Structures are given as C-alpha cells and as structure tokens.
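S.K.: coords please:
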Amino acid sequence: MRTISQVAELTGISIRTLQYYDEIGLLKPSELTQSGYRLYNDEALQKLQQILFFKELGFKLKDIREILEKPDFDRIAAFKKQKELLLLKRNRTDRLIQLLGRLEKGEQCMSFKEFDLSDYIIALEDFKSNQTEEIIKYWGSIENYDLFIQKIKDDETNLAKIAIKQFGSVEKYTEAMKYNLEHFAEIMEKQLSEEAKEIAKQSDILYGQLTSDLSEDVASPRIQSVVHELLQFIQKNSTSISLGKPYINVLIDTYSNDYIKRVTDSKYEKGASDYIVKAFRYYSENSTPENN
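M.R.: Numbers count the residues shown, from 1 in each chain. Now for the predicted structure:
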C-alpha cells in the first residue's frame, strides 16, 4: 500500500488532483486508515496508469470514468489501442518538428494541419475493431486491412493533397470516408452489381490462368496469350486505367506495390504478384506499340 503522498511522488500528480479524482469517483483509494488517510494498492495504481494514458490522448475525465466503469472493459485491449493512438500522436509531433525546422530555415511551408489524416486513420482502426467480418469478407484478412491502413499512413501527405483537391478539405474528405465506413456493407452490395460481379469473375479466371503454373516461362506463347487477353479485357472494362501513361505500366506499378502483392499472393499463391509483373513487363517490352 502507498499513501497519497507516495503516489503523488511516484507519478508526479499533485495530492490535490488525486483527491479530486476520489471526489468525482474516477479513482477511489483502496483503503482508508482509521485517521481517514487514503491508501492505494497496485490495482489502483494500474487504474491510475490507464487514466493518465487516456488523459494524454485528450479524453475528458467524465469520458474516462465511463470507459473504465464498463463491465466489458479490457485493460490489455485498451493498452493496445492507446499505443496505436499515441504512435499516431508521436508521428504528428515528429512531422510538426520537421515542419518547424523547415520554417526556421526560412522555407515557405503550407499549414501542417491541412494534411492531418489522423481522424480518418482512427476511423479505419475503429472500423477494424467493430466490423471484423466485413473486413475479412472484402479484404481477405485482417492482415491485408492492416497493410491498407499502413499504406495510408506511409503516404499520408500525398493522400491528403488528393483529398483536398477532390473534396476541398481534409475535414470534408474524412466526413465522407466516415459515412462510407458506417454504410460499408450497403455500399459494397450496391457496387457489386451483377455486371460487376461477372467482370470480377472473368478477371479472376484470367488471372487464375496466368498464375496457374509459376514455373512456366513468362515468355511462353500460352502465358503471353493470356496476358494479351487479360489486358484487352481490362482495357475494355475499365474507365480509369490510363492515369497519363500506358495502362500496362500502371498495372506493373500496381502489382509491385507491397499491399497489392500481399493480397494477390494470398489469393493465388506466394510469388503470384511478382510473376504477373514479369509477364506484363515481358509483354510490354516485346509487343508492338498498339498493344500497349
């Protein structure tokens, strides 16, 4: 057991603050001495640790108390979530420090806050916690979804620029994405029309043929015939594949992406994505210009 003075010395929290936590029911002492002095055991200190983490993340005391009082509160799960959020906070702080360094040198830099996608990333993490079945259904696995989130984190600034260009601000983009997450299943069902399902089915068949034997030389007539048929199929059924350069190069870039590689390899077999890239690249380098 520790006295309130010892807890204050250990944590750096004032005695008055600990008394206030007791008054509002946030952190009650484990025992009271006959003289009325507060005593705290290890369990109380662990609870105080949770409170401090939540405070660091900007939670209000009232909200912290409600969270801790929930019957299904999971201390370990809370630590994991707090760690994720603190890492986001640290990353934002690191970028702010970098920005200040540039400003110190006299560089003209746009406002940092304009490119902060942390609210959207938090919404994606919440979606993972609450919609596991939907994630596995449409992403294939939780691991694939985690790679998707990591890709957004790694390319946050560029994505924010696109968001601002398309939606006017990061805030509007985030609100739109939150709406999409709240209505995810409904939106996905609408998108997967019968025609879209048939296109996806045919695409899967062609990619299945392309990756049926990864030991086959990508230069073989059979493989290159499948590549040609696949590229013609994609060009016919896609309205946004160009992106300002030959669409086969876009596909090569796509299947070279770590996230796409992971998804493709899990769908077909390990090495499938690299094989597709090699087959596309051979086709690009050896076919006539009109086929590209």
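S.K.: which parts of the helix or strand where residue 200 lies are buried?
M.R.: Taking DSSP states H and E as the definition, residue 200 sits inside helix 194-210. Residues 199, 206-207, 209-210 are the ones in helix 194-210 that count as buried (16 or more other Cβ atoms under 10 Å). All C-beta atoms are positioned from the backbone trio N, CA, C, and that covers glycine.
S.K.: same check, this time on stretch 67-78
M.R.: residue 68.
S.K.: can you give me the end-to-end distance of that stretch?
M.R.: End-to-end span of stretch 67-78 (Cα to Cα, to the nearest Å): 10 Å.
S.K.: so how far is it off the chain centroid?
M.R.: With Cα atoms, centre = their mean, to the nearest Å as the basis, stretch 67-78 stands 23 Å off its chain's centre.
S.K.: give me the residues contacting that stretch.
M.R.: Contact with stretch 67-78 is made by 26, 46-47, 50-51, 53-54, 59, as judged by Cβ atoms under 8 Å, 6 or more residues apart in numbering.
S.K.: may I see the ChimeraX selection of the buried members of those?
M.R.: Selecting only the buried entries of the contacts of stretch 67-78 in ChimeraX, with 16+ other Cβ under 10 Å as the criterion:
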select :26,47,50,51,53,54,59
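S.K.: quick one: least confident of the contacts of stretch 67-78?
M.R.: Lowest pLDDT among the contacts of stretch 67-78: residue 59, with 79.
S.K.: could you check the distance from residue 25 over to residue 75?
M.R.: Counting by Cβ to Cβ, to the nearest Å, the gap from residue 25 to residue 75 is 19 Å.
S.K.: still on that earlier bit, of the buried residues of helix 194-210, which is the nearest to residue 130?
M.R.: Checking the buried residues of helix 194-210 against residue 130 with Cβ to Cβ, the nearest one is residue 199 at 30.3 Å.
S.K.: what strand or helix carries residue 65?
M.R.: According to DSSP H and E, residue 65 maps onto helix 61-69.
S.K.: show me the two of the contacts of stretch 67-78 that sit farthest apart.
M.R.: Farthest apart among the contacts of stretch 67-78 - using Cβ to Cβ - are 46 and 59, which lie 17.2 Å from each other.
S.K.: follow-up on the earlier one: so which elements touch the helix holding residue 200?
M.R.: Counting contacts by 3 or more Cβ pairs under 8 Å, 6 or more residues apart in numbering; DSSP states H and E, helix 194-210 packs against helix 221-237, helix 272-286.
S.K.: give me the distance between the helix or strand that the first one is followed by and the centre of its chain.
M.R.: If you walk from helix 221-237 toward the C-terminus, the next helix or strand you reach (DSSP H and E) is helix 247-256. The chain centroid and the centroid of helix 247-256 are separated by 23 Å under Cα atoms, centre = their mean.
S.K.: again with stretch 281-290
M.R.: Mean-position distance between stretch 281-290 and its chain equals 36 Å (Cα atoms, centre = their mean).
S.K.: now swap in stretch 224-236 and tell me
M.R.: Put simply, stretch 224-236 sits 32 Å off its chain's centre (Cα atoms, centre = their mean).
S.K.: can you show me the helices along the stretch 1-150 of the chain?
M.R.: Here the stretch 1-150 of the chain has its helices, by DSSP state H, counting those that start in this stretch, at 4-11, 15-23, 42-56, 61-69, 75-104, 118-130, 132-139, 142-154.
S.K.: right, and those helices - which one's nearest residue 268?
M.R.: Once the helices of the stretch 1-150 of the chain are compared by Cβ to Cβ, helix 142-154 is nearest, at 13.7 Å.
S.K.: buried set for the closest one?
M.R.: For helix 142-154, the neighbour count (16+ other Cβ under 10 Å) marks 144-149, 152 as buried.
S.K.: shaky segments in this protein?
M.R.: For the chain, the stretches flagged by pLDDT under 70 are 92, 99, 107-115, 189-197, 238-247, 288-292.
S.K.: point to the residue nearest the middle of it.
M.R.: Central residue of the chain (Cα atoms, centre = their mean): residue 149, 1.9 Å from the mean position.
S.K.: didn't that one look like it was pressed against residue 127?
M.R.: No: judged on Cβ atoms under 8 Å, residue 149 makes no contact with residue 127 at a distance of 9.6 Å.
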